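K.L.:
below is the sequence, then the predicted model.
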Amino acid sequence: MGGEGRGRGKERAMRSDEQLIQLTLQGEQKAFEELITRYYRHLYLSILRIVRKDKEAEDVLQETLWQIYRSLPTYRSEGFKTWITRIAVNKAIDWNRKQRRQTKQEKAGSAEEAEMILSRTQPDQPVEEALIREEEKAAIAAILEELPDKYRSVLYRYYIEDQSYQEIAEAEALPVNTVAARLHRAKRLFRTRWEERIRHD
(Lines give C-alpha, C1' and ligand atoms only; values in the text may rest on other atoms or scores of the structure.)
Protein backbone atom coordinates (compact mmCIF):
# COMPACT_ATOMS: atom_id res chain seq x y z
CA MET A 1 0.00 0.00 0.00
CA GLY A 2 2.76 2.39 1.03
CA GLY A 3 4.69 1.54 -2.12
CA GLU A 4 1.66 2.26 -4.27
CA GLY A 5 1.19 5.63 -2.54
CA ARG A 6 4.80 6.57 -3.16
CA GLY A 7 4.44 5.48 -6.77
CA ARG A 8 1.39 7.69 -7.28
CA GLY A 9 3.21 10.60 -5.63
CA LYS A 10 6.19 10.15 -7.92
CA GLU A 11 3.89 9.98 -10.91
CA ARG A 12 2.24 13.26 -9.92
CA ALA A 13 5.64 14.89 -9.40
CA MET A 14 6.72 13.91 -12.90
CA ARG A 15 3.62 15.18 -14.68
CA SER A 16 4.48 17.36 -17.65
CA ASP A 17 3.17 20.84 -18.33
CA GLU A 18 0.94 19.41 -21.04
CA GLN A 19 -0.58 16.87 -18.66
CA LEU A 20 -1.25 19.53 -16.05
CA ILE A 21 -2.82 21.79 -18.66
CA GLN A 22 -5.19 19.03 -19.74
CA LEU A 23 -6.13 18.28 -16.13
CA THR A 24 -6.76 21.97 -15.51
CA LEU A 25 -9.03 22.15 -18.54
CA GLN A 26 -10.90 19.18 -17.12
CA GLY A 27 -11.56 21.16 -13.95
CA GLU A 28 -8.77 20.01 -11.62
CA GLN A 29 -7.81 23.20 -9.79
CA LYS A 30 -4.84 21.64 -8.02
CA ALA A 31 -3.28 20.86 -11.39
CA PHE A 32 -3.27 24.56 -12.25
CA GLU A 33 -1.76 25.40 -8.87
CA GLU A 34 1.00 22.85 -9.46
CA LEU A 35 1.59 24.23 -12.95
CA ILE A 36 1.88 27.83 -11.78
CA THR A 37 4.09 26.92 -8.82
CA ARG A 38 6.74 25.78 -11.31
CA TYR A 39 6.94 29.20 -12.95
CA TYR A 40 5.78 31.57 -10.21
CA ARG A 41 9.22 33.05 -9.48
CA HIS A 42 10.13 33.27 -13.17
CA LEU A 43 6.93 35.20 -13.89
CA TYR A 44 7.42 37.48 -10.91
CA LEU A 45 10.99 38.38 -11.90
CA SER A 46 9.96 38.94 -15.53
CA ILE A 47 7.35 41.43 -14.36
CA LEU A 48 9.59 43.06 -11.76
CA ARG A 49 12.22 43.85 -14.41
CA ILE A 50 9.62 46.01 -16.13
CA VAL A 51 7.53 47.59 -13.36
CA ARG A 52 10.48 47.92 -10.93
CA LYS A 53 8.33 47.90 -7.78
CA ASP A 54 7.68 44.87 -5.59
CA LYS A 55 4.07 45.57 -4.66
CA GLU A 56 3.09 46.53 -8.19
CA ALA A 57 4.86 43.44 -9.52
CA GLU A 58 2.74 41.28 -7.21
CA ASP A 59 -0.43 43.00 -8.43
CA VAL A 60 0.52 42.54 -12.07
CA LEU A 61 1.44 38.92 -11.35
CA GLN A 62 -2.03 38.21 -9.99
CA GLU A 63 -3.57 39.74 -13.12
CA THR A 64 -1.21 37.62 -15.18
CA LEU A 65 -2.19 34.39 -13.43
CA TRP A 66 -5.86 35.14 -13.97
CA GLN A 67 -5.20 35.88 -17.65
CA ILE A 68 -3.25 32.63 -18.03
CA TYR A 69 -6.11 30.67 -16.49
CA ARG A 70 -8.70 32.33 -18.71
CA SER A 71 -6.58 31.91 -21.84
CA LEU A 72 -5.55 28.31 -21.22
CA PRO A 73 -8.17 26.90 -23.65
CA THR A 74 -6.45 28.86 -26.45
CA TYR A 75 -2.97 27.47 -25.70
CA ARG A 76 -1.58 25.58 -28.70
CA SER A 77 1.50 23.65 -27.50
CA GLU A 78 3.97 26.39 -28.45
CA GLY A 79 6.08 26.07 -25.31
CA PHE A 80 4.22 26.85 -22.12
CA LYS A 81 6.98 28.88 -20.46
CA THR A 82 7.36 31.08 -23.53
CA TRP A 83 3.60 31.52 -23.76
CA ILE A 84 3.07 32.57 -20.13
CA THR A 85 6.15 34.82 -20.21
CA ARG A 86 4.67 36.69 -23.15
CA ILE A 87 1.44 37.20 -21.22
CA ALA A 88 3.36 38.44 -18.15
CA VAL A 89 5.50 40.88 -20.15
CA ASN A 90 2.48 42.29 -21.98
CA LYS A 91 0.65 42.79 -18.69
CA ALA A 92 3.66 44.58 -17.22
CA ILE A 93 4.05 46.84 -20.26
CA ASP A 94 0.34 47.66 -20.12
CA TRP A 95 0.72 48.56 -16.45
CA ASN A 96 3.63 50.89 -17.24
CA ARG A 97 1.64 52.54 -20.01
CA LYS A 98 -1.33 53.18 -17.73
CA GLN A 99 0.92 54.65 -15.07
CA ARG A 100 2.53 57.04 -17.57
CA ARG A 101 -0.87 58.33 -18.58
CA GLN A 102 -2.12 59.03 -15.07
CA THR A 103 -0.43 62.37 -14.43
CA LYS A 104 1.16 65.18 -16.39
CA GLN A 105 4.33 64.62 -14.44
CA GLU A 106 4.55 61.07 -15.72
CA LYS A 107 3.81 62.27 -19.23
CA ALA A 108 6.70 64.73 -18.93
CA GLY A 109 8.86 61.85 -17.77
CA SER A 110 8.00 59.95 -20.93
CA ALA A 111 9.17 62.92 -22.97
CA GLU A 112 12.48 62.97 -21.13
CA GLU A 113 12.89 59.25 -21.78
CA ALA A 114 12.13 59.84 -25.43
CA GLU A 115 14.78 62.57 -25.58
CA MET A 116 17.29 60.14 -24.14
CA ILE A 117 16.44 57.57 -26.80
CA LEU A 118 16.63 60.16 -29.57
CA SER A 119 20.03 61.43 -28.47
CA ARG A 120 21.45 57.91 -28.13
CA THR A 121 20.09 56.47 -31.35
CA GLN A 122 22.22 58.88 -33.38
CA PRO A 123 25.24 60.04 -31.35
CA ASP A 124 26.62 62.23 -34.13
CA GLN A 125 23.53 64.44 -33.86
CA PRO A 126 23.15 64.98 -30.09
CA VAL A 127 19.97 66.53 -28.78
CA GLU A 128 20.68 69.34 -26.33
CA GLU A 129 17.95 69.22 -23.71
CA ALA A 130 18.18 72.95 -23.00
CA LEU A 131 17.31 73.74 -26.63
CA ILE A 132 14.29 71.47 -26.93
CA ARG A 133 10.99 73.35 -26.72
CA GLU A 134 8.07 71.97 -24.75
CA GLU A 135 6.17 71.20 -27.96
CA GLU A 136 9.15 69.22 -29.24
CA LYS A 137 9.18 67.17 -26.06
CA ALA A 138 5.52 66.38 -26.59
CA ALA A 139 6.21 65.42 -30.20
CA ILE A 140 9.00 63.06 -29.18
CA ALA A 141 6.80 61.42 -26.56
CA ALA A 142 4.05 61.08 -29.16
CA ILE A 143 6.41 59.29 -31.57
CA LEU A 144 7.40 56.86 -28.87
CA GLU A 145 3.74 56.12 -28.13
CA GLU A 146 3.00 55.63 -31.84
CA LEU A 147 5.60 52.91 -32.30
CA PRO A 148 4.33 49.32 -32.32
CA ASP A 149 4.56 47.66 -28.90
CA LYS A 150 7.37 45.33 -29.93
CA TYR A 151 9.60 48.26 -30.93
CA ARG A 152 8.66 50.61 -28.10
CA SER A 153 9.33 47.83 -25.61
CA VAL A 154 12.90 47.09 -26.74
CA LEU A 155 13.77 50.79 -26.95
CA TYR A 156 12.52 51.35 -23.43
CA ARG A 157 14.34 48.33 -22.03
CA TYR A 158 17.65 49.05 -23.78
CA TYR A 159 17.97 52.82 -23.38
CA ILE A 160 15.92 53.60 -20.28
CA GLU A 161 16.34 50.46 -18.21
CA ASP A 162 19.87 49.72 -19.53
CA GLN A 163 19.06 46.06 -20.07
CA SER A 164 21.44 43.90 -22.07
CA TYR A 165 20.39 42.01 -25.20
CA GLN A 166 20.31 38.83 -23.10
CA GLU A 167 18.08 40.41 -20.43
CA ILE A 168 15.70 41.72 -23.08
CA ALA A 169 15.64 38.31 -24.75
CA GLU A 170 14.66 36.63 -21.49
CA ALA A 171 11.99 39.20 -20.64
CA GLU A 172 10.47 39.15 -24.12
CA ALA A 173 10.93 35.39 -24.65
CA LEU A 174 12.89 36.04 -27.86
CA PRO A 175 16.20 34.84 -29.32
CA VAL A 176 19.04 37.33 -28.80
CA ASN A 177 19.50 37.83 -32.55
CA THR A 178 15.82 38.75 -32.84
CA VAL A 179 16.26 41.34 -30.10
CA ALA A 180 19.23 42.85 -31.94
CA ALA A 181 17.31 43.04 -35.21
CA ARG A 182 14.22 44.46 -33.52
CA LEU A 183 16.23 47.13 -31.69
CA HIS A 184 17.97 48.15 -34.92
CA ARG A 185 14.61 48.46 -36.66
CA ALA A 186 13.11 50.36 -33.71
CA LYS A 187 15.91 52.95 -33.75
CA ARG A 188 15.49 53.49 -37.48
CA LEU A 189 11.72 53.90 -37.11
CA PHE A 190 12.12 56.37 -34.27
CA ARG A 191 14.67 58.45 -36.15
CA THR A 192 12.65 58.39 -39.39
CA ARG A 193 9.47 59.56 -37.70
CA TRP A 194 11.34 62.30 -35.86
CA GLU A 195 12.89 63.62 -39.08
CA GLU A 196 9.49 63.51 -40.80
CA ARG A 197 8.04 65.72 -38.09
CA ILE A 198 10.91 68.18 -38.48
CA ARG A 199 10.36 68.40 -42.25
CA HIS A 200 6.63 68.96 -41.81
CA ASP A 201 7.29 71.74 -39.33
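P.N.:
Cool, the structure landed.

K.L.:
for the longest helix along the chain, buried residues please.
P.N.:
The helix spanning the most residues in the chain, taking DSSP state H as the definition, is helix 176-200. Along helix 176-200, these residues count as buried under the neighbour rule (16 or more other Cβ atoms under 10 Å): Val179, Arg182, Leu183, Ala186, Lys187, Leu189, Phe190, Arg191, Arg193, Trp194. No exception for glycine: its C-beta is placed from N, CA and C like everyone else's.

K.L.:
equivalent analysis for stretch 49-66, please.
P.N.:
Arg49, Ile50, Val51, Glu56, Ala57, Val60, Leu61, Glu63, Thr64, Leu65.

K.L.:
between these, which is nearest Ala88?
P.N.:
Taking Cβ to Cβ as the measure, Ala88 sits nearest to Thr64 out of the buried residues of stretch 49-66, at 4.6 Å.

K.L.:
go ahead and confirm that closest one touches Leu43.
P.N.:
Yes - with contacts counted by Cβ atoms under 8 Å, Thr64 reaches Leu43, the gap being 6.1 Å.

K.L.:
common neighbours of the two, please.
P.N.:
Taking Cβ atoms under 8 Å, 6 or more residues apart in numbering as the contact rule, the neighbours common to Thr64 and Leu43 are Ile84, Ala88.

K.L.:
roughly how far apart are Pro148 and Ile47?
P.N.:
Spatial separation of Pro148 from Ile47 under the definition Cβ to Cβ, to the nearest Å is 21 Å.
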